[in-house]
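Sequence first, predicted model second:
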Amino acid sequence: MEWKDGRPRCRWANPENPRYLHYHDCEWGVPVHDDRQLFEMLILEGFQAGLSWECVLNKREAFRRAFDDFDWEKVAAYDADKCAALAQDASIIRNKRKIAAAVENARAFAAIRREYGSFDAYLWQWTGGKTICERGKATSPLSDAISADLRRRGMKFVGSTIVYAYLQAVGVLWSHEEGCFLQEPPCQNQ
C-alpha cells in the first residue's frame, strides 16, 4: 500500500481517514494509565462488537457528548429514561443492549476501582505493569483470563476478542504489524 506521507502502517489503518490515521499513529498501542481513558476505551470496544472500529472511531466525539465524557460515576447512575434517550440519539450506535451494558459496566468499573484503588491498577496487574508484544492474534490466554474475570464481575460485551482488542488499544499489548513504522515495540517480553 502506498501512504501519502511515505510512512508504512498496519494494513488495517485506512489511508483515506485522517482520524483513523491519527488513532493508529498516536493512540493505538500507547500505554494508558488514566482511568477515564481506560473506561472510554472499554465502552467503545463494547460498542464496536459486530461493527468496524472505524465506525466507532468516527462517532467517538458524539459518544463522549452522549456519555458525559465517559465519567463512569455519571454513567453508572443512568436510569431507564437516560438509556431510552441514548437509544434515540442518531449520532451514536443506538443498540439498546450495548447501552444497557455500558451502564452495567460502569457500575462494575466503579466496584473494581474501589477494590484496587484504580482500574489502572487492576488492568496492569495482569502483566506486572509490562507491555507484552504479540502479533497476529485475536485472543490469547491473557484476554481469556481478563474476559472471564470481567464477566464474573458483571460486565457485558467483554468477550475474549473484545478484551484482546481493548488490550491492544490501551497498550497492554503491542501489536503493530511488521513493516509498520511503529513495529519496534516498547515491549518487555523480548
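That came through, no problem.

in the protein, what spans have low per-residue confidence?
Across the chain, the ranges flagged by pLDDT under 70 are 186-190.

in it, which spans are helices?
18-22, 35-48, 53-58, 60-66, 72-76, 80-87, 96-116, 119-125, 141-152, 160-169 (DSSP state H).

who wins for proximity to Ser175 among the ones you listed?
helix 160-169 (4.9 Å; C-beta to C-beta). All C-beta spots, glycine's among them, are computed from the backbone N, C-alpha and C.

Give me the buried positions along that closest one.
Ser160, Ile162, Val163, Tyr164, Ala165, Tyr166, Leu167, Gln168, Ala169 (16 or more other C-beta atoms under 10 Å).

mind giving me TSV with those residues and columns for distance to Phe181?
Converted to TSV, these look like this (distance: C-beta to C-beta, whole Å):
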residue	distance to Phe181
Ser160	29
Ile162	27
Val163	27
Tyr164	23
Ala165	21
Tyr166	23
Leu167	22
Gln168	17
Ala169	19
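
just checking, Asp69 touches Ile43?
No. If you go by C-beta atoms under 8 Å, Asp69 and Ile43 don't touch, sitting 11.5 Å apart.

if you count what's nearby, which of these two comes out ahead?
Using other C-beta atoms under 10 Å as the criterion, Asp69 and Ile43 rank with Ile43 on top: 26 against 12.

how about the nearest residue to the more buried one once chain neighbours are set aside, what does it touch?
Nearest residue to Ile43 in three dimensions, chain neighbours excluded: Ala102, at 5.0 Å (C-beta to C-beta, 6 or more residues apart in numbering). Neighbouring residues of Ala102 by C-beta atoms under 8 Å, 6 or more residues apart in numbering: Ile43, Gly46, Phe47, Phe67, Val75.
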